[in-house]
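Colleague: Predicted model follows, preceded by the sequence.
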Amino acid sequence: MSAWKVLLTDGLEENGIAILRASAEVADKKGISADDLLQIVGDYDALIVRGRTKVTPAVFAAAKNLKVVGRAGVGVDNIDLKAAKEAKVTVVNSPLATTVSVAELTMGLMLSVVRDIPRADATMKEGKWLKKEFEGSELYKKTLGVIGFGRIGVAVANRAKAFEMDVLGYDPLIPADEIQKRGGTPATFDELLAKSDIITMHIPLTPDSRGMLNADAFAKMKDGVRIVCAARGGVIDEDALLHALETGKVAAAGLDVFTAEPPGLTALVSHPHVVCTPHVGAQTMEAQGRAAHDIATEVVAALKGETLRWKVA
Ligand SMILES: NC(=O)c1ccc[n+]([C@@H]2O[C@H](COP(=O)([O-])OP(=O)(O)OC[C@H]3O[C@@H](n4cnc5c(N)ncnc54)[C@H](O)[C@@H]3O)[C@@H](O)[C@H]2O)c1
Ligand SMILES: O=C(O)CC[C@@H](O)C(=O)O
C-alpha cells in the first residue's frame, strides 16, 4: 500500500504518472469542478495542476492532509501562495520544461502578425487569390522589444536574432549588464515602448504587471506597432489594446493568452488584425512530457522531504 495519495485535476502525461505511481497512489480527476474538488481534496497529500484549476484559500482550507501543490508549467497565478504559506503547504513548479515551446509559438505569432498568414490561409480556403492584399513586412532589421528578460524572453531574443532583429530588453529585476550578457540591449520601459516595431511580453502576472500595456503605454509606442503576448492576458489592458487596434496605433496583435479564458468571441478575438491561439504556448508533446517528468519528480521529492529545485512557496 502506497504511503501517499496524489490528486491530478488537469491531467498529466503518462511518463509523469509512472514516476508518481512508484511512490504514491494516483487519482486522475481531470476536469473536476471547483465544488467537487473541495469535497475530495481532504483525502490527498499532493495536488498537481496546470492552469485551469484555481487553488484558492477554500481549497487549502479543505485540504487537511495536503503537503504539496505541483504546477506542471511555470505561472503560479492560479495558486493562492499566501494561503499556501498559511496552510504550510509547499508549492513547486516545473519552470524549465516549456521555455522552448513558448518561444517557438511566440515566433509563430510574430511571423503571423507581420505576414497575416492565418487570414491569407482563410481566404485561400474560400477559393480566393488575394495576393495584392497580403503585402506584409519583414522581421529583418526591425526592433523587437522584449518585456521580461527571463527564460522565455531570452529564448525569444535568441530566435529573433537569428532573424537579424535588434533586440531591446526591459526587466527591472535584472541588472543592465546581465540583460546585455543574455543578448539584449537594455532599455527603460519608455525607451522600449518608443523604439520597438514589435513588442512581446514574457512576464508573470503579478499586482505590479497587471495592465502593464495600458492606454498610456500604447500612446508612447510607434504608430503601427505590433504586439505579441504569450505570457498572461492580464498583463495587457484588453480594452486599451482593442482601442489601439481600432485607431490603427497598433497594426496587429498575436495573442495566446486572455484576461478571461476562454474569452469567447469577443471584439478583440474577432478583430481582423488579431491572430489568436487558445493558450497553447506550452501545448507540445515535448513540453508536456518534460513538465510531467519534472513536476512528478519534484512532488515526490517534496513528499519525501528531499531538496527541492523549484520551490515557489
Ligand atoms: N502561453 C503559455 O502557455 C505560457 C507557458 C509558460 C509560461 N507562460 C508565462 O510566461 C511567463 C514567463 O515565463 P518565464 O519562464 O520566462 O519566467 P522567468 O521568471 O524566467 O522570466 C520572467 C521575467 O519577468 C521579469 N519580470 C517580473 N515582473 C516584471 C515586470 N513587472 N516588468 C518587467 N519584467 C518583469 C522577471 O524579472 C523575470 O526575468 C510566466 O510567468 C507565465 O505567465 C506562458
Ligand atoms: O498549463 C497550461 O495549460 C499553460 C501553462 C503556462 O501558461 C504556464 O504558465 O506554464
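Modeller: Cool, got the structure. Just so we're clear, the structure is a prediction, and the values are computed from it rather than from any experiment. Ligands and ions are numbered 1, 2, ... in the order given.

Colleague: Give me the phi and psi angles of the nearest residue to Ile32 once chain neighbours are set aside.
Modeller: Nearest residue to Ile32, sequence neighbours excluded (CB to CB, 6 or more residues apart in numbering): Thr9, at 5.1 Å. C-beta coordinates here come from the backbone N, C-alpha and C atoms, glycine included. Phi and psi for Thr9, reported as degrees, to the nearest 10, are phi -120, psi -10.

Colleague: you'd agree Thr9 is up against Ala46?
Modeller: No: using CB atoms under 8 Å, Thr9 is not in contact with Ala46; the gap is 11.3 Å.

Colleague: residue of this structure with the smallest distance to ligand 1?
Modeller: Using CB to the nearest ligand atom, Gly150 is the residue of the chain that sits closest to ligand 1, at 1.9 Å.

Colleague: Let me see the contact set for that residue.
Modeller: Residues in contact with Gly150 (CB atoms under 8 Å, 6 or more residues apart in numbering) are 171, 174, 202-203.

Colleague: And Leu105, by the same measure?
Modeller: 230, 256, 277, 280-281.

Colleague: By neighbour count, sort out the buried ones in those.
Modeller: Neighbour-count burial (16 or more other CB atoms under 10 Å) is assigned, among the contacts of Leu105, to 230, 256, 277, 281.

Colleague: mind listing what's buried in stretch 285-303?
Modeller: Quick answer for stretch 285-303 (16+ other CB under 10 Å): 287-288, 290-303.

Colleague: how about that stretch as PDB, C-alpha atoms only?
Modeller: Provided in PDB are the C-alpha atoms of stretch 285-303 (Å, rounded to 0.1, in the frame of the first residue of the first chain):
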ATOM      1  CA  MET A 285       4.300  16.800 -26.700                       C
ATOM      2  CA  GLU A 286       7.900  17.700 -25.800                       C
ATOM      3  CA  ALA A 287       7.000  20.400 -23.300                       C
ATOM      4  CA  GLN A 288       4.200  18.400 -21.700                       C
ATOM      5  CA  GLY A 289       6.500  15.400 -21.500                       C
ATOM      6  CA  ARG A 290       9.200  17.400 -19.800                       C
ATOM      7  CA  ALA A 291       6.700  19.200 -17.500                       C
ATOM      8  CA  ALA A 292       5.200  15.800 -16.400                       C
ATOM      9  CA  HIS A 293       8.600  14.400 -15.700                       C
ATOM     10  CA  ASP A 294       9.900  17.500 -13.800                       C
ATOM     11  CA  ILE A 295       6.700  18.100 -11.700                       C
ATOM     12  CA  ALA A 296       6.300  14.400 -10.800                       C
ATOM     13  CA  THR A 297       9.900  14.200  -9.700                       C
ATOM     14  CA  GLU A 298       9.600  17.400  -7.700                       C
ATOM     15  CA  VAL A 299       6.400  16.500  -6.000                       C
ATOM     16  CA  VAL A 300       7.800  13.100  -4.900                       C
ATOM     17  CA  ALA A 301      10.900  14.900  -3.600                       C
ATOM     18  CA  ALA A 302       8.600  17.200  -1.600                       C
ATOM     19  CA  LEU A 303       6.700  14.300  -0.100                       C
END
